[in-house]
Structures are given as C-alpha cells and as structure tokens.
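Student: dropping a prediction and its sequence here:
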Amino acid sequence: MQETGSISIHTENIFPIIKKFLYSDHEIFLRELVSNAVDATQKLKSLAQLGEYQGDLGELKVRVTVDKEARKITISDHGLGMTAEEIKKYINQIAFSGATEFVEQYKEKDANAKDQIIGQFGLGFYSAFMVAKEVEIWSKSYKNDTLTAHWICDGSTQFTLDEPTGEHAKAERGTDVVLHVAEDSDEFLEEARLRTILTKYCKFLPIPIEFEGEVINQTTPIWTKQPSELTDEDYKKFYQELYPMSMDEPLFWIHLNVDYPFNLTGILYFPKVKDELQFSRNKIQLYSRQVFITDEVKDVVPEFLMLLHGVIDSPDIPLNVSRSFLQADAAVRKINTYITKKVADKLSSLFKQDRAGYEEKWSDIGMFVKYGMLSDEKFYEKAKDFVLLKNVDGKLFTINEYTEHIQANQQDKNGNTVILYTNDAEHQHSFVAAAQERGYDVLNFDHILDPHFVGQLEQKLEKTSFKRVDADTVSKLIEKDDAAESVLTEEDTKKLEETFTTAIANPAMHVKVAALSPQDALVVITQNEFMRRMKDMQRTGGGGGMQMFGAFPESYDVTVNANHPLVAKVLADGGDKLAKQAFDLALLSQGLLKGEALTAFVKRSTELL
Ligand SMILES: Nc1ncnc2c1ncn2[C@@H]1O[C@H](COP(=O)(O)OP(=O)(O)OP(=O)(O)O)[C@@H](O)[C@H]1O
C-alpha cells in the first residue's frame with residue numbers, strides 16, 4: 001500500500017512549546033514587539049514612496065508605555081495597521097509571516113524593502129505570551145474605509161476578533177499591542193527594567209522609539225553610513241557611546257561593509273590591550289537590521305578576534321539565535337572567514353603605510369596577531385609578513401628582516417639558522433650578555449603565548465631552530481666547527497666531574513665537563529631546551545600529551561669548563577670547596593640560589609676571604 005499525505009500538528013500541543021521554549025530569554029518579547037512596530041512603520045514608508053499610500057504620514061514614532069497599576073504594557077505604532085482580515089491571516093496563523101509576504105510582494109518595486117524589514121519567521125509576536133496572560137491588538141489599517149480591528153487572546157488557541165465602532169473605534173492609523181502582564185512577570189512592569197531592555201535591544205533601531213516621553217534610540221548609527229562620510233572623531237565618539245565605561249581610546253578600527261555573498265556591516269575596534277591575556281569577552285555586539293541580538297559572538301567572530309570591540313550587523317544572522325544554530329549556519333561561517341580576512345588586510349595596510357605608527361602600536365596588537373597566527377592557518381599566511389619580533393635592545397623586525405639580520409653570525413655548522421631568545425632578559429642576564437659578546441642577537445619572547453609561537457615558527461621556518469639563551473653554554477648554543485679542545489687528560493676530566501658531582505650533591509644537577517673557551521665561565525647551569533619547552537607549554541595549557549612532561553622533576557645540566565684557569569685549583573687537594581663555591585656562583589647569577597643554600601654560600605664566601 002502506498003499513501004501520501006500531510007503531517008498534522010495539534011495547535012494545543014505545539015503552542016505552549018512555541019511560547020515557552022522558542023526563546024530562552026523572556027525579556028526579548030519587547031524586542032519582538034517593537035521590531036514588529038518598526039516593521040509596520042517601515043512598510044508604510046515604503047508604500048508612501050511607491051505612491052500606494054497618499055495620506056499624511058504624521059509623526060512616525062513607536063511608543064512604549066507602562067501602567068503598573070493596570071498591569072499593562074502598550075506598544076503603539078503609527079505604521080500601516082491591520083484590518084480584521086489581516087489579523088486573521090498574519091496573527092492567527094502562526095509561522096505565517098506578513099513580513100516575508102510583504103518583501104516578496106514588493107521586492108521588484110522596492111529593492112530596499114528586504115533590508116528594512118526585520119521579521120521573517122512569523123513567530124515573534126507570540127513571544128508576548130511569555131510575559132502576558134492576555135494580549136490585545138487594536139489596529140486600524142492605512143487603507144481607506146476600514147474599521148478598527150480588535151483582537152484578544154489569552155494564550156490558548158482561542159481568540160476573539162471584533163470591529164468596534166463609535167467611542168471604541170481607533171481614531172488613528174496604526175497598531176496598539178496591549179499586554180496584560182501575568183502575575184509571574186511583575187518585573188516587566190518596572191519602568192527601569194523596561195528601559196534597560198529597550199536600551200539593550202532597541203538602541204539603534206531606525207525608527208524613533210519613545211519610552212515614557214523620551215526617545216531612547218539613535219536611528220542612524222554610524223555603521224549604517226559610508227566610511228567616506230565619517231571622521232576619526234565620529235568613530236571615537238561612537239566607541240565611547242558603545243562603551244561608556246571605557247577609559248582608553250581605540251587604537252584603530254575597521255569599517256566592515258559587504259553585500260555579497262552575504263550582507264554585513266559593522267565597525268570593529270582594536271582596543272588597547274595590556275600585555276596579559278585579558279580576555280574581555282562579550283564585547284562585540286551582534287545586530288540584525290539594527291536590532292541587538294547578543295554580545296555572545298563566539299561563533300560569528302573568530303576566537304582570536306574576541307578581544308576586539310564594536311558592532312556587527314547582519315540580516316543573515318537569524319534573530320532567534322541559538323548557539324547550536326549559529327555554529328551550523330553556513331552564513332555564519334562565511335562571516336567568520338570574511339572578518340578574519342578584513343582584519344588581516346587592515347593590519348597589513350597599516351604596516352605598509354605607516355611602519356613607525358604600526359611599531360608604536362605593536363605592544364597592543366602583538367597578542368592579537370600571534371594568537372591569530374596560532375589559531376588560524378589563513379591568518380598565519382597573511383600575518384607572517386607583518387608580525388614583528390623584538391630583540392632585547394627593543395628593535396623590531398619582521399621575520400624576513402630578522403633572518404636576514406642574523407644570517408651571517410648565527411648559522412651552525414650544518415647551515416641551520418639558530419634564533420636565540422630570552423623570556424626574561426633580567427633573570428637570564430648573564431646568558432644574554434654572553435651571547436651578545438659573541439656577536440649574537442637575542443630576541444625577547446616574554447609573552448605567555450610566546451612558547452607556542454616559538455613552536456609554530458620553528459615548524460614553519462625552514463632550517464631554523466630556536467634556543468633560549470640559557471639552554472646551553474654560549475659556545476654550544478650555536479654549534480660551529482671551531483670547537484675548542486680540552487687541555488685535560490681523560491683521568492683529570494673524570495676527577496673534575498666527580499669532584500663537582502660530590503660537591504653539588506643534587507641528583508637533579510647533571511654534571512658534565514666540556515671544553516669551552518678559557519674566557520667562558522667555570523660553571524654554567526643550563527636547562528635542556530626541549531624539556532623546558534614542554535614544561536612551559538604544559539604550564540600555559542598545551543594540554544593533551546603535554547601533561548606527562550609536567551610530572552618530571554626539574555633537571556639541569558651543569559657544564560664545567562675544562563679550559564678554565566681555575567680548574568687546576570679544583571683538581572688540587574681540597575678543591576671540592578672551590579667547586580661548590582663556583583657552582584653556587586653560577587646559581588647566584590641565575591637567581592637560583594635561595595634560602596639555606598644562600599646563607600651557607602655567604603658564610604663560605606666570608607671564610608674564603
Ligand atoms: N504592529 C504591527 N503592525 C502591523 N502588522 C503587524 C504588527 N505586528 C505584527 N504584524 C503582522 O503580523 C505578522 C506576524 O508577526 P510576527 O512577529 O509573529 O512575525 P514576523 O515579524 O513576520 O517574523 P519574526 O518571527 O521574525 O518576528 C507580521 O509579519 C505582520 O504582518
């Protein structure tokens with residue numbers, strides 16, 4: 001048997017679901033109803049432009065009022081209104097949108113209609129029942145000779161509709177939606193609460209919204225204008241309006257404006273960020289046709305750009321967003337890619353057009369750039385030409401400039417370039433100084449992201465490795481052919497190693513004797529680059545397989561310089577005291593000598609004097 005048919009829905013069952021679960025936040029009822037009122041007004045303006053309405057437009061405001069005593073909230077507009085027939089069609093049929101129908105009907109005549117009308121699902125109106133036990137509509141259509149339509153519904157599937165005349169007739173064109181607020185929604189009868197909601201969602205709606213006698217919105221926010229109409233001051237002023245609490249001016253901004261393959265406008269500001277990873281999320285505000293949706297932009301804006309501030313407005317982002325929806329939405333993915341590209345292009349042009357200005361801002365934008373490179377391959381490809389590396393003298397280089405800069409001096413015997421860095425120039429001063437004495441350059445990688453960044457650069461750059469200055473003795477940092485020869489016999493080498501091992505008496509310190517230059521220190525304490533990096537990564541949340549390295553105890557290499565003039569003394573009788581002293585001095589120079597060991601060292605030094 002084969003049969004086709006249509007699936008039926010029982011309204012009694014589906015209705016509560018729409019009311020309660022469609023929107024997670026009850027406060028958005030106001031956004032929905034004000035949006036409808038704005039739509040009704042925009043539609044009337046369109047009709048007037050097309051000559052289909054020739055009457056007087058009057059003052060096109062949307063008014064919101066609250067009467068706490070009578071437990072009523074009223075949303076009134078002076079828009080196109082509805083006849084009783086239209087209420088039956090648009091309101092009584094859930095999920096039939098008059099907005100969509102209007103756009104369809106007029107899209108040929110009025111190309112802008114699509115961009116101006118907010119509604120699209122035919123569901124928004126019913127969000128009123130999230131806070132109201134009864135909703136009334138009083139409406140009068142713009143069409144000549146129509147009666148007032150009066151609709152009442154208590155949130156069940158029953159409604160009444162009549163066309164009152166005489167004193168009950170509505171005098172003016174437009175619609176009043178009256179909510180009789182339910183007992184459990186008292187909060188929405190508070191003026192302050194309503195004002196907060198209105199300012200949150202309706203601050204930039206294109207039609208004036210009056211609440212308790214005061215217009216609460218700006219109808220043409222600057223992102224809807226052309227960049228050529230705007231001055232730097234306009235952008236800064238708008239920033240201040242968006243973030244009244246912010247003390248700092250933004251560093252620079254990007255005015256977004258696309259209409260193909262999706263629609264998006266907005267302004268993204270680069271704020272001043274201090275060195276630490278201060279993730280001030282929830283800063284970018286997401287709008288759809290000037291209606292605020294959310295400041296949870298996680299899925300629309302790439303993670304690394306969450307530190308940016310500003311607004312994004314896209315009608316392609318549905319109003320009733322839910323997270324899972326956003327993630328899956330193809331338009332949202334495209335927006336994400338577009339924003340990344342725009343930001344990269346902006347940084348690139350700043351870098352090219354004003355290198356000095358760019359360098360000045362580097363301490364603020366460096367983190368965005370590095371984070372972006374780490375989290376987005378496409379961004380890496382663009383940013384590799386404008387990411388800057390800073391050396392210990394404060395000079396900034398691009399990657400290419402830097403490799404050029406150290407080319408002559410910092411190649412090892414296998415032709416690999418070795419980039420030296422410190423993560424704490426003060427702490428590792430003796431190593432930095434030793435490297436500089438050799439004519440090496442040392443980079444400053446002291447940001448929390450830098451261990452990851454170093455890892456990334458090492459993978460990307462060919463024949464290049466990174467070594468922290470304290471990873472080895474200076475002569476071994478970059479291995480050259482001119483290795484010094486040891487002046488010690490094998491027996492003395494062994495004895496020297498034993499003397500030090502006994503004097504140090506710490507299993508975490510691995511003593512080895514090496515032939516360094518006589519000018520180098522007698523003892524150098526280093527930490528293996530690989531192990532240390534793994535530990536660093538683990539500390540900053542490298543996660544996964546990195547965990548195991550954290551469990552290893554700290555371990556250091558203690559290199560004793562076989563060619564140092566003092567070696568003879570250590571090898572002589574009683575040399576262990578000298579060995580201990582030399583080891584402590586090495587610890588001291590790295591800030592590793594503390595507590596009891598430090599006291600003992602001071603005491604021993606005094607005795608020696
Ligand atoms: N104040 C109003 N004036 C005139 N018509 C209105 C008004 N409010 C609602 N309508 C009509 O009722 C229809 C349904 O409204 P509803 O809010 O449920 O859906 P929508 O606005 O079309 O879409 P969305 O679910 O995206 O908000 C609207 O499309 C419109 O035709």
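Tutor: Received the coordinates, thanks. Numbering: from 1, shown residues only.

Student: what sits against residue 125?
Tutor: Applying CB atoms under 8 Å, 6 or more residues apart in numbering to residue 125 gives the contacts 32, 33, 36, 91. For the C-beta atoms, the positions are set from N, CA and C on the backbone; glycine is no exception.

Student: closest to residue 395 among these?
Tutor: Within the contacts of residue 125, distances to residue 395 taken as CB to CB reach their minimum at residue 32, with 56.8 Å.

Student: what about the nearest residue to the closest one once chain neighbours are set aside, how many residues nearby?
Tutor: What sits nearest to residue 32 in space, not counting adjacent residues and going by CB to CB, 6 or more residues apart in numbering, is residue 124, at 3.7 Å. Other residues within reach of residue 124 by the criterion other CB atoms under 10 Å amount to 24.

Student: now residue 496
Tutor: Other residues lying near residue 496 total 21 when counted by other CB under 10 Å.

Student: show me the contacts for it.
Tutor: Residue 496 touches 488, 513, 560, 562, 567, 570, 571, counting by CB under 8 Å, 6+ apart.

Student: for the first one, phi and psi?
Tutor: Note on residue 488: its backbone torsions stand at phi -90, psi 150 [degrees, to the nearest 10].

Student: before we move on, the earlier item: in a markdown table: the contacts of residue 125, plus pLDDT, distance to residue 290 and secondary structure.
Tutor: Rendered in a markdown table, the data for the contacts of residue 125 read as follows (pLDDT from 0 to 100; distance: CB to CB, whole Å; DSSP: H, G, I helix; E, B strand; the rest coil):
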| residue | pLDDT | distance to residue 290 | secondary structure |
| --- | --- | --- | --- |
| 32 | 91 | 14 | helix |
| 33 | 96 | 16 | helix |
| 36 | 94 | 14 | helix |
| 91 | 88 | 24 | helix |
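
Student: and stretch 35-42, how far from the chain's centre?
Tutor: Remark: stretch 35-42 is offset 33 Å from the chain centroid, using CA atoms, centre = their mean, to the nearest Å.

Student: any idea what residue 210 is bridged to?
Tutor: According to DSSP bridges, residue 63, residue 215 are recorded as the beta-bridge partners of residue 210.

Student: report the separation between it and the ligand.
Tutor: With the distance defined as CB to the nearest ligand atom, to the nearest Å, residue 210 ends up 15 Å from the ligand.

Student: and if you look at residue 180?
Tutor: 17 Å.

Student: ok, residue 197 next?
Tutor: Noted for residue 197: a distance of 16 Å to the ligand, by CB to the nearest ligand atom.

Student: neighbours around that residue, how many?
Tutor: 21.

Student: ok, and for stretch 173-189, which residues are buried?
Tutor: Using 16 or more other CB atoms under 10 Å as the burial criterion, the residues of stretch 173-189 that qualify are 173-182, 185, 188-189.

Student: in strands only, show me these.
Tutor: Counting by DSSP state E, the members of the buried residues of stretch 173-189 that fall within strands are 174, 175, 176, 177, 178, 179, 180, 181.

Student: same list (those) but as CSV, adding pLDDT.
Tutor: Shown next, in CSV, are these (pLDDT from 0 to 100):
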residue, pLDDT
174, 97
175, 98
176, 98
177, 98
178, 98
179, 97
180, 98
181, 97
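
Student: what residues are up against the residue nearest to residue 71 when sequence neighbours are not counted?
Tutor: Distance criterion CB to CB, 6+ apart; nearest residue to residue 71, sequence neighbours excluded, is residue 181 at 4.8 Å. With contacts defined as CB under 8 Å, 6+ apart, the neighbours of residue 181 are 71, 72, 73, 131, 132, 133, 188, 189.

Student: between the two ends of stretch 62-76, how far is it?
Tutor: Between the opening and closing residues of stretch 62-76 there is a gap of 6 Å (CA to CA, to the nearest Å).

Student: contacts for it?
Tutor: The contact list for stretch 62-76, computed with CB under 8 Å, 6+ apart, reads 30, 33-34, 36-38, 41, 77-78, 132, 174-181, 188-191, 194, 198, 205, 207-212.

Student: quick check on the contacts of residue 181: which are buried?
Tutor: Once neighbours are counted (16+ other CB under 10 Å), the buried part of the contacts of residue 181 comes down to 71, 72, 73, 131, 132, 188, 189.

Student: and of the ones in strands among the buried residues of stretch 173-189, the nearest to residue 358?
Tutor: Using CB to CB, the shortest approach to residue 358 within these belongs to residue 177, at 52.8 Å.

Student: now the closest one: how far from the ligand?
Tutor: Where the ligand is concerned, residue 177 sits at a distance of 6 Å (CB to the nearest ligand atom).

Student: setting aside sequence neighbours, what's the nearest residue to that residue?
Tutor: Spatially, and ignoring its direct neighbours in sequence, residue 177 is nearest to residue 75 (4.6 Å; CB to CB, 6+ apart).

Student: what's opposite the one you found in the beta bridge?
Tutor: Here residue 75 sits in beta bridges with residue 64, residue 177, as judged by DSSP bridges.

Student: measure how buried it is and give me the count.
Tutor: By other CB under 10 Å, the burial measure for residue 75, its neighbour count, is 22.

Student: got it, and the one 5 residues further on?
Tutor: By the measure other CB under 10 Å, the count of residues near residue 80 is 27.

Student: from residue 40, how far out is the residue in the stretch 151-300 of the chain positioned nearest to the ligand?
Tutor: In the stretch 151-300 of the chain, the residue found nearest to the ligand is residue 175; the distance is 3.8 Å by CB to the nearest ligand atom. Taking CB to CB, to the nearest Å as the measure, residue 175 and residue 40 are separated by 6 Å.

Student: now do the shared contacts for those two.
Tutor: By CB under 8 Å, 6+ apart, the residues touching both residue 175 and residue 40 are 77, 79, 81.

Student: residue 506: what's it in contact with?
Tutor: Applying CB under 8 Å, 6+ apart, no residues qualify as near residue 506.

Student: got phi/psi on the closest residue to residue 37 other than its chain neighbours?
Tutor: The shortest distance from residue 37 to any residue that is not its chain neighbour, by CB to CB, 6+ apart, is 3.6 Å, and that residue is residue 77. Note on residue 77: backbone dihedrals following degrees, to the nearest 10 are phi -130, psi 170.
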